[in-house]
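1. give me the fold of what follows.
(chains A and B)
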Number of protein chains: 2
Amino acid sequence: MTGGRYTLYSMQGSGNCYKPRLAMHHLGIPFSIVDVDIELGESRTPQFLALNANGKIPLLVLPDGRPLAESNAMLLHLGEGTHLIPADPYERALVWQWLFFEQYSHEPQIAVARYWLHLKPGGAAMVTADQIAGWRKKGGAALGVMEGHLEKADWFGGEGFSIADIALYAYTHVADEGGFDLAPFPAIRAWLARVAALPGHVPIGWRPA
Amino acid sequence: MTGGRYTLYSMQGSGNCYKPRLAMHHLGIPFSIVDVDIELGESRTPQFLALNANGKIPLLVLPDGRPLAESNAMLLHLGEGTHLIPADPYERALVWQWLFFEQYSHEPQIAVARYWLHLKPGGAAMVTADQIAGWRKKGGAALGVMEGHLEKADWFGGEGFSIADIALYAYTHVADEGGFDLAPFPAIRAWLARVAALPGHVPIGWRPA
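-> Below is the predicted model:
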């Protein structure tokens, strides 16, 4: 430790970048932001690739200067030893399960649809009807899995709010921007409202002073 | 605990299913296998969906009867407290980073190409040239990230072999079956040989007696 603080390389509109911002706000961890615009190639410069060879944001630099990639790895690192990760081994395993579900079955459909149809300038004209249909089908299936869980439980990782909820909230709460209608998913809508009502919650556009 | 043992629902040819098999062999954990043939819809039956609503294998049932989905969540659960997960917090964070890299940047290209071009009967005729080109480009980029890391380090998660190596080995060692040539990646080939030479290693086709 050098007495420094966390530095997050991120884009405000990205749900993956929102995850560590939201977690650090919940945990009261001070951090600085470096804005990275992927549309300008700023995640592909030699300087950025030296921090994350995979050329993706978010990228978190720890107070001692060492880099950490992958938003859900950041959630596990930031949350370790806090109330955002359950102490019970099985509940903790379920947190891991939902984190991988989010990155494999949810984000590649729901976040990617939002990127092309909402965030990327001119993106809607660059994708095919087949791609959109694929996102709808697979993303809808992921939402169905979430709905089924939330019909029986208030949170994803166990008895309380955890980093699994943060990971899934990030893109679910803006799923409409990718063309997903949440009207058929009342349990998801109630869970989104629970997350947004928590003390410590901040919206996706929030950034530290 | 009921005095039972772990039960893994899996397909022998799947790299995701190989991961928990290999980890449990390394750790000396006895387990039983239930074969699930996804081509016959066996991961979509009501009985299976009751264990994993996401309808995917592998699915691990713990000795107390509770289910756990997501191969990399299984690795974290099985590895917790063992030599397969580093004790150092930063090395452990890197294990998480590589597990998510594997599921987001590696598996959807390298495993998916292998599934359609090698495993699925008639699969090669069901994909487009554009799909194959996409797998080649993005999968090749993932292999490039791995090669760059392995030029500077022997293992992915820290000083020693870890579950990050197991996760990345699972599909990298059969990448040729998806049409990926590992000749340009000498550091990856040397790492594959290091993994395969470890005591406790078993090949993808292995199953418990």
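2. what pLDDT does residue A:1 get?
-> At residue A:1, the model reports a pLDDT of 41.
3. contacts only, for residue A:180.
-> A:110, A:113, A:136, A:139, A:140, A:143 (CB atoms under 8 Å, 6 or more residues apart in numbering or on different chains). Using the backbone N, CA and C atoms, a C-beta is placed for each residue, glycine as well.
4. now residue A:17
-> A:8, A:10, A:11, A:57, A:58, A:71.
5. distance check, it against residue A:10.
-> 3 Å (CB to CB, to the nearest Å).
6. ditto for residue A:204
-> When distance is defined by CB to CB, residue A:204 is 11 Å away from residue A:10.
7. quick one: the strands in chain A?
-> Per DSSP state E, chain A carries strands over the ranges A:6-10, A:31-35, A:59-61, A:67-69.
8. please identify the most buried of the ones you listed.
-> Compared across the strands of chain A, strand A:59-61 shows the largest average neighbour count, a mean of 24 (mean count of other CB atoms under 10 Å in any protein chain shown).
9. so in that sheet, which strands flank that one, and in what orientation?
-> strand A:6-10 (antiparallel), strand A:67-69 (antiparallel) (DSSP bridges).
10. report the distance from it to the chain centre.
-> How far strand A:59-61 lies from its chain's middle: 14 Å, per CA atoms, centre = their mean, to the nearest Å.
11. average model confidence for it?
-> For strand A:59-61, the mean pLDDT works out to 98.
12. identify all contacting residues around it.
-> Outside strand A:59-61, the residues touching it (CB under 8 Å, 6+ apart) are A:6-10, A:20, A:36, A:48, A:51-52, A:67-69, A:74, A:77.
13. closest to chain B out of the contacts of residue A:180?
-> residue A:143 (11.8 Å; CB to the nearest CB).
14. pull up the overlap in contacts between residue A:17 and residue A:10.
-> Common contact partners of residue A:17 and residue A:10 (CB under 8 Å, 6+ apart): A:57, A:58.
15. list the contacts for residue A:79?
-> Residues in contact with residue A:79 (CB under 8 Å, 6+ apart) are A:23, A:27, A:85, A:162, A:163.
16. can we see that at 6 Å?
-> Shown in contact with residue A:79 (CB atoms under 6 Å, 6 or more residues apart in numbering or on different chains): A:85, A:163.
17. so what's the predicted local confidence for it?
-> For residue A:79, the model assigns a pLDDT of 98.
18. with just CA atoms, put stretch A:181-199 into CSV.
-> Below are the C-alpha coordinates for stretch A:181-199, written out as CSV (Å, rounded to 0.1, in the frame of the first residue of the first chain):
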residue,chain,number,x,y,z
ASP,A,181,-39.8,-5.5,-21.9
LEU,A,182,-39.9,-6.3,-18.2
ALA,A,183,-43.7,-6.1,-18.0
PRO,A,184,-43.9,-10.0,-18.0
PHE,A,185,-41.4,-10.2,-15.1
PRO,A,186,-43.1,-8.8,-12.0
ALA,A,187,-40.7,-10.5,-9.6
ILE,A,188,-37.7,-8.9,-11.4
ARG,A,189,-39.4,-5.5,-11.3
ALA,A,190,-40.0,-5.8,-7.5
TRP,A,191,-36.4,-6.9,-7.0
LEU,A,192,-35.1,-3.9,-9.0
ALA,A,193,-37.2,-1.6,-6.8
ARG,A,194,-35.7,-3.3,-3.6
VAL,A,195,-32.2,-2.8,-4.9
ALA,A,196,-32.8,0.8,-5.8
ALA,A,197,-34.3,1.5,-2.4
LEU,A,198,-31.3,0.3,-0.4
PRO,A,199,-29.3,2.8,1.6
